[in-house]
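Student: model the following, please.
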Amino acid sequence: MKSTLLITSLIACAAGSIQAATLANRWSFDNDTSDSVGGNTGVLVGSATVSGGQLNLGGGTGPTADSMGFTSTVDLAGTHGVNGVTIESWYTDTGSGNWSKLFAFGNGTGGQNIIFNIQQGGSGEGRIQYKGMAPEANFGPRPVLGVEHHLALTITGDGLVNAWVDGVALTVQPPNTQGDGDDLNTLPNSWERIGASAWGDAGMTGSVNEFRIWDGTLSEAEVMASMAGGPDSVIPEPAGAALVGLGGLALILRRRKRS
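Tutor: Coordinates of the predicted model:
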């Protein structure tokens, strides 16, 4: 009886710790622009190429700049509006110009977007823009050029934005460490691009090693674990790990009972 109660309690605890986010899309650029999880193949724009395990972007301006779109609409709102979303990437900036963007999802120039600006204007600082989040503010100096960086940006269903670069939480709306914008399910889906803008802004100059979209928001601990795992691995699914662990515990308890 005690063993049964213990197992029940552990299952309840494990259920509470199961990761809420599940991987929805993964572009690894090993040989092409395929999405190994969601099947949404990327579409190269401009002179963008895939080689050496990277999406290589040489700049340009506006919608025709080197970048990657998608075969099917990603639709962050329709797909992740309830659970929230995490956008994760390993990228290298080799000197992107003013208002260059790692990614932009929304309606392009209409101001209803989620955008990670590698550089805001000529300020030398980065900026996150999200629909309804005000006031906008830079988060500090852009990450060092020519070095690969890890980015994780989360948006909850009700529009709270958090982001980490190389494991350091960004201040995206002073004086808070998070941005409070509109509900995610209201985000438009007419502009979806890695590396370019619908405005006449500079395209990204550099490369993207890995780009992921998660259904749900990774916790800070999960962001750190994913960063440590690197672009070539995905953090283990806690649900599976919990079930394996509980199965082993149940077997041990049964053996004890028999003895």
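Student: skipping adjacent residues, who's closest to T86 in space?
Tutor: Once flanking residues are discounted, T86 sits nearest to W214: 3.9 Å by CB to CB, 6 or more residues apart in numbering. Every C-beta, even on glycine, is put in place using the N, C-alpha and C of the backbone.
Student: wait, doesn't that neighbour sit right on V85?
Tutor: Yes: judged on CB atoms under 8 Å, W214 makes contact with V85 at a distance of 6.6 Å.
Student: can you give me the neighbour number for S36?
Tutor: 12 (other CB atoms under 10 Å).
Student: wait, it touches L23, no?
Tutor: No: using CB under 8 Å, S36 makes no contact with L23, being 9.4 Å away.
Student: who are the packing partners of the longest strand along the chain?
Tutor: Looking across the chain with DSSP state E, the single longest strand is strand 205-215. Applying 3 or more CB pairs under 8 Å, 6 or more residues apart in numbering; DSSP states H and E, one finds that strand 205-215 contacts strand 22-27, strand 54-58, helix 76-80, strand 85-93.
Student: and the longest one, how far from the chain's centre?
Tutor: Taking the mean of its C-alpha atoms, strand 85-93 sits 5 Å from the chain's own mean (CA atoms, centre = their mean, to the nearest Å).
Student: which strands or helices does the helix or strand just after it pack on?
Tutor: For strand 85-93, the succeeding helix or strand toward the C-terminus, using DSSP states H and E, is strand 101-106. Judged by 3+ CB pairs under 8 Å, 6+ apart, strand 101-106 is in contact with strand 85-93, strand 113-117, strand 191-194.
Student: would you reformat the ones you listed as TSV and include mean pLDDT and distance to G146?
Tutor: As requested, the helices and strands packed on strand 101-106 are exported to TSV (pLDDT from 0 to 100; distance: least, CB to CB, whole Å):
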stretch	mean pLDDT	distance to G146
strand 85-93	98	7
strand 113-117	96	18
strand 191-194	98	19
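Student: how about those strands in CSV, adding mean neighbour count and distance to A134?
Tutor: Formatted as CSV, those follow (neighbours: other CB atoms under 10 Å; distance: least, CB to CB, whole Å):
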stretch, mean neighbour count, distance to A134
strand 85-93, 24, 20
strand 113-117, 23, 14
strand 191-194, 23, 20
